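Student: fold the following and give me the result.
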Amino acid sequence: MITALLTGIAAAPWMRAALRYGAIVVAVVLFLLSIRRAGERAGRMAERLETMENANDVQRQMLDAAARRPRDRGELADRLRNGRF
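Tutor: Here you go, the predicted model:
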């Protein structure tokens, strides 16, 4: 029943053209949606990369500060006396 109806509808030349253009429009819309999703995904990845770089910079600064700290009370006192702290 449905196939006979579709065969009858698709038999008209104007309907075949409409179906062809409809299929093209659907394909273009799906393509544009996939490009949009890919762009959003790339944006999220770029944001994640920037966040990781900032966290790594902060961690590097903390490690540098820890490497320059006085080892014991005596070294701290020497730095305070010499004004290098």
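Student: need the contact list for the most centrally placed residue in the chain.
Tutor: Centroid check for the chain by Cα atoms, centre = their mean gives residue 44 as the closest residue, at 2.2 Å. Not one residue lies near residue 44 by Cβ atoms under 8 Å, 6 or more residues apart in numbering. (Each C-beta comes from the backbone N, C-alpha and C, glycine too.)
Student: secondary structure element for it?
Tutor: Assigned by DSSP states H and E, residue 44 falls within helix 13-68.
Student: give me the distance from that helix to the chain's centre.
Tutor: The chain centre lies 5 Å from the centre of helix 13-68; the measure is Cα atoms, centre = their mean, to the nearest Å.
Student: mean confidence for it?
Tutor: Average pLDDT, helix 13-68: 95.
Student: tell me the helix or strand right after that helix.
Tutor: helix 73-82.
Student: and that following helix, what other elements does it pack with?
Tutor: On a contact count with 3 or more Cβ pairs under 8 Å, 6 or more residues apart in numbering; DSSP states H and E, helix 73-82 meets no helix or strand.
Student: so how far is that helix off the chain centroid?
Tutor: With Cα atoms, centre = their mean, you get 49 Å for helix 73-82.
Student: could I have that helix exported to CSV, CA atoms only?
Tutor: Included here for helix 73-82 are C-alpha records, laid out as CSV according to Å, rounded to 0.1, in the frame of the first residue of the first chain:
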residue,chain,number,x,y,z
ARG,A,73,66.7,28.5,60.2
GLY,A,74,70.3,29.4,60.0
GLU,A,75,70.1,30.1,56.2
LEU,A,76,66.9,32.1,56.8
ALA,A,77,68.6,34.2,59.5
ASP,A,78,71.6,34.8,57.1
ARG,A,79,69.3,35.9,54.3
LEU,A,80,67.4,38.3,56.6
ARG,A,81,70.7,39.8,58.0
ASN,A,82,72.1,40.3,54.5
